[in-house]
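In: fold the stuff below for me.
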Amino acid sequence: MKLDPSKLTAFLAANSTGVGVLVVPGGGYSVLANGHEGREPAEYLNTLGIDAWMLEYSTASTMSPPLYPKPMEEALGALDLIRQQAPNLKKLGIWGFSAGGHLAGTTATTPGTNLDFAILGYPVITLEDDYTHENSRYNLLGNKPTKKQIKELSVQNRVNDKTPPTLLFHTSNDDLVPVQNTYLYAEAMAKHGRKVQLVVLPDGKHGVGLAQNDPVRNWTPELERFLKYSI
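Out: Numbering: from 1, shown residues only. Model (predicted):
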């Protein structure tokens, strides 16, 4: 699917290293948290010499649920557009938060996307009953999802021997998206022998973003460690 170019905002680094990242904000598939989960991460990446593109995908604020498969098609279209705009990129990754983490995770585990790494911040991973974020599931699949849809779009079930190295970040007392989502993905990565870095902090509300101004919860040092392994 071709993406409307207006849905993709480029943040190009002054001294690019040839690495790019598609940034996918969260918002429960209801809205887009474009500030602390979009522009801020993109601008942070620029300080590392990494080019970034922020995706404004379809949500329940722009179309009626069920949204599926539109956001997934838009994410794939964004990767195609980035590769057209920046054909000399050496590596390309994806970074998503919350419901955007679900979209980033499904994209990273889609055959043929050939991403080099993924970063998932407090992601919605499973759509199965025990630990899902119900509002995200409803917006994506409506009120009558099939068992097949739930299984295939629970990202832990999509991990395979080609899933790219992934950094997972969560707080253990997240009251909106249970930390078990991150554990499910980490376990699937370990099962398939894939490289995974797991950062779980003991305390912090859902939606902290990068927490760069919080001396306790700022997780960018661990993110930079992960990038050293991955790029």
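
In: residue nearest the centroid of this structure?
Out: Closest to where the C-alpha atoms of the chain average out (C-alpha atoms, centre = their mean) is G96, at 2.1 Å.

In: got the contact list for D161?
Out: Counting by C-beta atoms under 8 Å, 6 or more residues apart in numbering, D161 makes contact with H192, G193, R194. To be clear about C-beta, it is placed using only N, CA and C from the backbone, and glycine gets the same treatment.

In: G77: which of those is nearest?
Out: R194 (25.7 Å; C-beta to C-beta).

In: correct me, but the closest one touches R158?
Out: No: judged on C-beta atoms under 8 Å, R194 makes no contact with R158 at a distance of 12.0 Å.

In: and the closest residue to T9 other than its chain neighbours, what does it touch?
Out: Excluding the flanking residues, the one nearest T9 by C-beta to C-beta, 6 or more residues apart in numbering is M54, at 4.6 Å. By C-beta under 8 Å, 6+ apart, M54 lies in contact with L8, T9, F11, V23, P25, N34, G38, R39, A42.

In: tell me which element M54 falls in.
Out: strand 50-55 (DSSP states H and E).

In: swap in I94?
Out: Using DSSP H and E, I94 falls in strand 91-97.

In: need the helices for this structure, in chain order.
Out: Taking DSSP state H, the helices of the chain run over residues 40-47, 70-85, 99-108, 134-141, 147-152, 180-191, 220-230.

In: what pLDDT, on average, does the last one get?
Out: Helix 220-230 shows a mean pLDDT of 97 in the predicted model.

In: please apply the same query to the second one.
Out: For helix 70-85, the mean per-residue pLDDT is 98.

In: circling back: tell me the contacts of the residue nearest to the centre of the chain?
Out: Here G96 is in contact with 23-26, 102-105, 118-121, 123 (C-beta under 8 Å, 6+ apart).

In: kindly recompute the last result at 7 Å.
Out: V24, L103, A104, G105, L120, P123 (C-beta atoms under 7 Å, 6 or more residues apart in numbering).

In: do P66 as well
Out: Neighbours of P66 in contact, by C-beta under 7 Å, 6+ apart: L140, L141, G142.

In: ok, 6 Å please
Out: By C-beta atoms under 6 Å, 6 or more residues apart in numbering, the contact list for P66 reads L141, G142.

In: in stretch 184-202, which residues are buried?
Out: L184, Y185, A186, A188, M189, R194, V196, Q197, L198, V199, V200, L201 (16 or more other C-beta atoms under 10 Å).

In: spit out the contact partners of the fifth one.
Out: Meaning M189. V159, V196.

In: returning to what we had before: sheet partners, orientation included, of the strand holding I94?
Out: Within its sheet, strand 91-97 is paired with strand 19-24 (parallel), strand 117-121 (parallel), according to DSSP bridges.

In: and stretch 147-161, how far out from the chain's middle?
Out: Relative to the chain's own centre, stretch 147-161 is displaced by 15 Å; criterion: C-alpha atoms, centre = their mean, to the nearest Å.

In: could you export that stretch as CSV, CA atoms only?
Out: What follows is stretch 147-161, C-alpha atoms only, in CSV (Å, rounded to 0.1, in the frame of the first residue of the first chain):
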residue,chain,number,x,y,z
LYS,A,147,-9.9,-16.1,17.5
LYS,A,148,-7.7,-16.2,14.4
GLN,A,149,-7.3,-12.4,14.4
ILE,A,150,-6.5,-12.3,18.1
LYS,A,151,-3.9,-15.1,17.8
GLU,A,152,-2.2,-13.7,14.6
LEU,A,153,-2.1,-10.1,16.0
SER,A,154,-0.7,-11.1,19.4
VAL,A,155,2.9,-10.1,18.6
GLN,A,156,4.5,-12.8,20.8
ASN,A,157,3.0,-15.4,18.4
ARG,A,158,4.7,-13.7,15.4
VAL,A,159,8.3,-13.9,16.6
ASN,A,160,10.4,-16.2,14.5
ASP,A,161,14.1,-17.0,13.7
